[in-house]
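[1] just need the structure, nothing else, for what follows:
(chains A, B, C, D and E)
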Amino acid sequence: MDLATIIGFIAALFIIVAVMVMDGGSPLELVSNPAPILLTIGGSLMATFITTNLKTFLLLPKLVIVAIKEKHFGEAEAIETLARMADKARREGLLALEEESKKIKDPFLQKGIMLVVDGVDPSQVKAILETQIHHMEERHAANYGLFNAAGGFAPTFGIIGTVMGLISVLKELDNPAKLAESIAAAFLATLWGLLSSNLIFLPIGAKLKTKDAHESAYRNLLLEGILSLQAGENPRIVREKLQAFLPPAAVAKADAKADSKNTEKGKAPA
Amino acid sequence: MDLATIIGFIAALFIIVAVMVMDGGSPLELVSNPAPILLTIGGSLMATFITTNLKTFLLLPKLVIVAIKEKHFGEAEAIETLARMADKARREGLLALEEESKKIKDPFLQKGIMLVVDGVDPSQVKAILETQIHHMEERHAANYGLFNAAGGFAPTFGIIGTVMGLISVLKELDNPAKLAESIAAAFLATLWGLLSSNLIFLPIGAKLKTKDAHESAYRNLLLEGILSLQAGENPRIVREKLQAFLPPAAVAKADAKADSKNTEKGKAPA
Amino acid sequence: MDLATIIGFIAALFIIVAVMVMDGGSPLELVSNPAPILLTIGGSLMATFITTNLKTFLLLPKLVIVAIKEKHFGEAEAIETLARMADKARREGLLALEEESKKIKDPFLQKGIMLVVDGVDPSQVKAILETQIHHMEERHAANYGLFNAAGGFAPTFGIIGTVMGLISVLKELDNPAKLAESIAAAFLATLWGLLSSNLIFLPIGAKLKTKDAHESAYRNLLLEGILSLQAGENPRIVREKLQAFLPPAAVAKADAKADSKNTEKGKAPA
Amino acid sequence: MDLATIIGFIAALFIIVAVMVMDGGSPLELVSNPAPILLTIGGSLMATFITTNLKTFLLLPKLVIVAIKEKHFGEAEAIETLARMADKARREGLLALEEESKKIKDPFLQKGIMLVVDGVDPSQVKAILETQIHHMEERHAANYGLFNAAGGFAPTFGIIGTVMGLISVLKELDNPAKLAESIAAAFLATLWGLLSSNLIFLPIGAKLKTKDAHESAYRNLLLEGILSLQAGENPRIVREKLQAFLPPAAVAKADAKADSKNTEKGKAPA
Amino acid sequence: MDLATIIGFIAALFIIVAVMVMDGGSPLELVSNPAPILLTIGGSLMATFITTNLKTFLLLPKLVIVAIKEKHFGEAEAIETLARMADKARREGLLALEEESKKIKDPFLQKGIMLVVDGVDPSQVKAILETQIHHMEERHAANYGLFNAAGGFAPTFGIIGTVMGLISVLKELDNPAKLAESIAAAFLATLWGLLSSNLIFLPIGAKLKTKDAHESAYRNLLLEGILSLQAGENPRIVREKLQAFLPPAAVAKADAKADSKNTEKGKAPA
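    The predicted structure is shown next:
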């Protein structure tokens, strides 16, 4: 589980409830009337539905889970693996990686190594893997775009709800008691539009975008490593190159780890 | 028919009507007054009309149909066709594709194969097909831009209508009974501006953009395949390269299909 | 005359007037008070004036005429001309185009052909013509940017006018009869800000942008043709290449025309 | 002095004052209360100050002067100078430009010619001058970004002022006479926020951006000319190339001038 | 300490307090009610939290310190160092830089020089250092993006708070005394939303962006210098090239400094 998303959402809900109580109201009022919830969440989702197709739209629940679930890419391990394979490839030839490639779990890395083992031309390997990354990014962008679209529609549907409510209110001007209550109900739609947009749709969209950027950087690191390995580059250079993808702190940690590993194996990396 | 667009639109309408009823109003009120509908939809369309020319503007009804109609591109089939042709070209030469090219239904693919068969230089083939894709994208962008423009104008025309209504209202301040009704009528314009923008113009624009992105990706897949085929690449590499355009799930399915087909024909793809 | 701009503007005006009458008001009220018109249109133009220089600002009336006037580029004719010249150049040499170039009316095309005839290096021809297109685009962008700037300022000046009006209103709270009238007058500024922005400034800006995109595409078509011709490419390839700039329907029409012409001349284009 | 900025600002002020008088108010009211002025202009400048550093912030007054001052770049003269130097370089060698370079007033052009005279490699000359242009653009963007930032903050500070004012107003609900006056005062902040943003900050930012675009185009023209000259290109080609940076009208004028000059000197340009 | 940020923030606070007093209110009212502060600042931070992960979110306090702390990059010194090393490398060979590289404090510059000393291929050195700069920029953008996200959420949470407050208010319509107070309290949320966004979140985000742009330019200067040095370029050219990164004033100062240094050492730089 990705704690940030869960904690952030619960803490925000808690703040809303606390402020409602401080204002002398009851948080139950927020959910007492189904109309504004139906209009803002339902309306935004339907407007988003129009912009996409059934298959993509049905991905929404899965995307929410993707946003919540922790995903660990293990850049440091990948750099070690690639540097080790680069070392092996230099000493024993690219074909020696065939055995190794079968044990790789990441399908992208495995495919890349298999293309290298098969003797595919480096420019072709690059083109194939870059196309794969590019289209993964396009698909992800279409996916998180759904949440951004819904987050853009929601406040407007909130306003639509409030205007619809106010129009109804104006017919009861002779009943002041009911009037105030109806105006309050009308504003609930605005509230739900803003809340659903700012606590659900937009943050999930932004979260998915963050995850996509992370995955993209990871795939580019793998691509760079595969190409370096195919070019027969020195494992030390491969490691240097790939560590440039990481923040300085992570590099220091990775170096320490690599050193201890190399010492264990009693062998210098270059 | 593209179910997403139809279902989304009907469901959204249903939600609006349901919320209107829950608010104690009647959905008929929405359409009781023609002025706000004329102003928001008519005004936005006319403001959009100014920005374009008669020919493009008259495309609008056709574009709505494009947005609603399902369009199937069949990437998996195209990959199989291109891999098969690449195989044939390697064994029998590029001229052997002439017969085949006549049976192709997609005019873009057909044109590309015909250029290859005619012995046009690869860089020229690439330039011609890329120009065609680029200008198709430009034309599509101009088209869905019309809906985005209308969707941007509509809420403003809604506000214009409401302000115009409120100005009229202020002349009847001495008639409180009529006053409330007039204010309600004035707000109808805001409502129609928001509804027409968020349920009609913007979603259709976004839908057309989604379709354009899909078609663009498909054309680029064909272009890549045509160039690979002309370069005499191994059919297996051609397939690998083109599958990088697809989501992982589609690749697995395409592979299974290709395998079964090849088994039927009793022949390995490479 | 460009009918779209004229019809669009008149139809939008008609809609505004019709809605005003339906609301029980008189369209004359809109123009009864000069203050809001002066403030929104004058203020926006002056704020735009600050952002530019006298020479560019004085172009405004001319730009309005450019937006209204129909401009025909004749891509199909240009493709025929270029293909014919490519044919001639292949058979009689580039110098044979000198006579032809004098009859060309488009100064851009003429300059390009003259550079080719003068034996200027292809990379130089490309650089010169691309620079010319690029700077034409920059100048056009600066021009339609003026209308977008004015369209951005106008609603704000409308709000400024309304706030100024409301401040004045608050001093007459003891005169309810005058009060309503003054509030109505204050809202006129908002109305004029929105109307001038959405019916004048923004649509003209968008129209000029559309025209610029069209001209830019046309110039790039000419550039591509001139370079192909200089490279001594086959006229059939030249035509194929340039037709990729056009929508499929236009290509079909152009082909039919070219065929009939060629038949008349009794000679195949390649 | 750049008349556009001065005239535009004064005319806009005049319009504001005129509309105030038409509304039956006095323009003095606008400046009667220092609080909204302090809040909107002071607050925006301070929020902008946070985003930058002391050195850049202290440039603000100088930037206002830059925005107001006319700057003449003299593209036509520069093209003549470069074409003349290209002619000399072809006839007498690049070293012959040394004497000439000392008389050049523009430091950018002088530096470029000196690099050429010193025999620096063309790719290095290009890299050095492009870097200089790029970083000039970055610095200018940071500068006019200050005004855009302030222009973005100002309306918000206006709303902050109005909300603060309204909160104070609500404590005096039992004094209707003072109430109206206080509400009017509260709205003054909104007015000042909008006016300072739309008449001062944003137009000056846009003006500086326009000037930067102009200077950038001029520097690129010089760069192109220096490189052409170093490459020993024909002066006629140099002139053709550089004239592609100018609008058609300016080219016609420059040609006429060049012709008359050349006639005086009794010598054709090529 | 970075004076701009501190002074700007304190001055802005002072202005807010002053205007509050001028409006006849007390600045203590702003902090008298914890609900709006909790909602706007807490809510925005939690919505931002959802979009990121725990590790990045916990960087927030450190980022505030980064925004406040002065950071001096010393471009002029770096140019001198690089020009000196280029001179040494030309005279004594690249290996002679090994000793020197150990004394370099900047880890980026040190790594670059070490790669050069190790005889890594120039294209590899460029790729490694560019990757490092690119990923540093990506990380920084993710960081200041947090503040921009929070600054975008804050005003909306302010409106949410005000709407929630107004809904509560409408239940107490029969108590006019309490009514005004409650409305005032409701507007406090809007105020806090705008203030926290415009005085805290957005300015800090913009400040971090400014600092990132500065650091990025500095790293690119170092990269350019390292590559020039490896290419064995003339120290004078190296200095010319790197000074193109600086504003003209800084160049003049740096030149003066370099001259005096060179005079002291009794040796011309080239």
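[2] find the nearest non-adjacent residue to whichever residue of the stretch 1-150 of chain A sits closest to chain D, please.
    Scanning the stretch 1-150 of chain A for the residue nearest chain D gives residue A:23, at 15.8 Å (criterion: C-beta to the nearest C-beta). C-beta: built from backbone N, CA, C; applies to glycine. Excluding its sequence neighbours, the residue lying closest to residue A:23 (C-beta to C-beta, 6 or more residues apart in numbering or on different chains) is residue E:168, at 4.5 Å.
[3] just checking, that neighbour touches residue E:181?
    No. In this structure residue E:168 lies outside contact range of residue E:181 using C-beta atoms under 8 Å: 11.8 Å.
[4] between those two, which one's more packed in?
    residue E:168 (20 against 16; other C-beta atoms under 10 Å in any protein chain shown).
[5] before we move on, the earlier item: wait, what's in contact with the residue of the stretch 1-150 of chain A closest to chain D?
    Each residue near residue A:23 by C-beta atoms under 8 Å, 6 or more residues apart in numbering or on different chains is listed here: E:35, E:164, E:165, E:168, E:185, E:186.
[6] not counting sequence-adjacent ones, nearest residue to the last one?
    Same thing as residue E:186. Excluding the flanking residues, the one nearest residue E:186 by C-beta to C-beta, 6+ apart is residue E:165, at 2.7 Å.
[7] give me the neighbour count for that neighbour.
    A count of nearby residues for residue E:165, using other C-beta under 10 Å, gives 29.
[8] so who does it touch?
    A:23, E:182, E:183, E:185, E:186, E:187, E:189.
[9] in terms of helices and strands, where is it?
    Per DSSP states H and E: residue E:165 is located in helix E:122-169.
[10] show me the contacts for the residue nearest the centre of chain A.
    When C-alpha atoms, centre = their mean is applied to chain A, the residue found nearest the centroid is residue A:208 (2.4 Å). Shown in contact with residue A:208 (C-beta under 8 Å, 6+ apart): A:63, A:66, A:67, A:140, A:143, A:144, A:147.
[11] again, only this time at 7 Å
    Contact analysis of residue A:208 by C-beta atoms under 7 Å, 6 or more residues apart in numbering or on different chains lists A:63, A:66, A:67, A:143, A:144, A:147.
[12] and of the residues you listed, the nearest to chain E?
    Nearest to chain E, judged by C-beta to the nearest C-beta, of the contacts of residue A:208 is residue A:67 at 8.5 Å.
[13] got the confidence number for the closest one?
    Here the pLDDT value assigned to residue A:67 is 91.
[14] what helix or strand is it on?
    Residue-wise, residue A:67 maps onto helix A:60-68 under DSSP H and E.
[15] which positions in that helix come out as buried?
    When burial is assessed from 16 or more other C-beta atoms under 10 Å in any protein chain shown, helix A:60-68 yields the following buried residues: A:60, A:63, A:64, A:66, A:67, A:68.
[16] now the first one: closest residue in space, sequence neighbours ignored.
    What that stands for is residue A:60. residue A:146 (6.5 Å).
[17] do the same with the last one
    In this structure, residue A:68 finds its nearest non-sequential neighbour in residue A:5, 5.2 Å apart by C-beta to C-beta, 6+ apart.
[18] for the third one, same thing?
    Leaving aside its chain neighbours, residue A:64 sits nearest to residue A:204 (6.4 Å; criterion: C-beta to C-beta, 6+ apart).
[19] please report how far that neighbour lies from chain C.
    32 Å (C-beta to the nearest C-beta, to the nearest Å).
[20] between the host helix or strand of that residue and helix A:122-169, how many degrees?
    In this assignment (DSSP H and E), residue A:204 forms part of helix A:202-230. If you take axes from the mean of the first three to the mean of the last three C-alpha atoms, to 10 degrees, helix A:202-230 sits at 180 degrees to helix A:122-169.
[21] tell me the angle of the one helix or strand residue A:182 maps to relative to helix A:122-169?
    Residue A:182 belongs to helix A:176-195 when assigned by DSSP H and E. Inter-element angle recorded for helix A:176-195 and helix A:122-169: 180 degrees (by the same axes, to 10 degrees).
[22] tell me the mean pLDDT over helix A:176-195?
    Helix A:176-195 shows a mean pLDDT of 85.
[23] other SSEs contacting that helix?
    Counting contacts by 3 or more C-beta pairs under 7 Å, 6 or more residues apart in numbering or on different chains; DSSP states H and E, helix A:176-195 is packed against helix A:34-37, helix A:122-169, helix E:122-169.
[24] ok now do residue A:172, which residues does it touch?
    Taking C-beta under 7 Å, 6+ apart as the criterion, residue A:172 is in contact with A:178, A:179, A:182.
[25] quick one: buried ones out of the residues you listed?
    Neighbour counting with 16+ other C-beta under 10 Å marks A:179, A:182 as buried within those.
[26] how about residues contacting stretch A:211-228?
    With C-beta under 7 Å, 6+ apart as the test, stretch A:211-228 has contacts from A:71, A:73, A:75, A:78, A:82, A:86, A:108-109, A:112-113, A:116, A:122, A:125-126, A:129-130, A:133, A:137, A:140, A:144, A:238, A:241-242, A:245.
[27] which of the residues you listed are buried?
    Among these, those scoring as buried are A:73, A:75, A:78, A:82, A:86, A:108-109, A:112-113, A:116, A:125-126, A:129, A:133, A:140, A:144, A:238, A:241-242, A:245 (criterion: 16+ other C-beta under 10 Å).
[28] so what's the residue count around residue A:127?
    Residue A:127 has 18 nearby residues by other C-beta under 10 Å.
[29] get me the contact residues on chain A for chain E.
    Proximity of chain A to chain E (C-beta under 7 Å from any C-beta of the partner chain) is limited to residues A:2-5, A:7-9, A:11-12, A:15, A:18-20, A:22-25, A:180, A:183-184, A:187-188, A:190-191, A:194-195, A:198-199, A:203, A:206-207, A:210, A:237, A:240-241, A:244-245, A:247.
[30] circling back to that earlier point, distance of the residue of the stretch 1-150 of chain A closest to chain D relative to chain B?
    Note on residue A:23: its distance to chain B, by C-beta to the nearest C-beta, is 24 Å.
[31] torsion angles phi and psi at that residue?
    With angles defined as degrees, to the nearest 10, residue A:23 sits at phi -70, psi 0.
[32] so where's chain A shaky on pLDDT?
    A:1, A:176-177, A:253-270 (pLDDT under 70).
[33] which strand or helix spans the residue in it sticking out farthest from the centre?
    For chain A, the residue at maximal distance from the C-alpha centroid (C-alpha atoms, centre = their mean) is residue A:174, at 52.4 Å. Using DSSP H and E, residue A:174 sits within no helix or strand.
[34] give the contact list for residue A:86.
    Contacts for residue A:86 (C-beta under 7 Å, 6+ apart) come out as A:228, A:229, A:233, A:235, A:238.
[35] try it again with 10 Å
    Neighbouring residues of residue A:86 by C-beta atoms under 10 Å, 6 or more residues apart in numbering or on different chains: A:97, A:225-226, A:228-239, A:242, A:269.
[36] tell me if I'm right that residue A:184 and residue A:166 touch.
    No. At 11.4 Å, residue A:184 does not count as touching residue A:166 under the criterion of C-beta atoms under 10 Å.
[37] and the gap between the residue nearest to residue A:68 and residue D:24?
    57 Å (C-beta to C-beta, to the nearest Å).
[38] okay, those two: which has more neighbours?
    The neighbour count for residue A:5 versus residue D:24, taken as other C-beta under 10 Å, is higher for residue A:5 (23 against 14).
[39] any idea how far the one helix or strand the more buried one maps to is from the middle of the chain?
    If you go by DSSP H and E, residue A:5 is part of helix A:3-22. Put simply, helix A:3-22 sits 22 Å off its chain's centre (C-alpha atoms, centre = their mean, to the nearest Å).
[40] run through the residues that contact residue A:199.
    Counting by C-beta under 10 Å, 6+ apart, residue A:199 touches A:8-9, A:12-13, A:15-16, A:151, E:43, E:46-47, E:50, E:153, E:157, E:160.
[41] same check on residue A:114?
    Here residue A:114 is in contact with A:97, A:98, A:101, A:102, A:104, A:120, A:125, B:240 (criterion: C-beta under 10 Å, 6+ apart).
[42] fine by me, thanks again.
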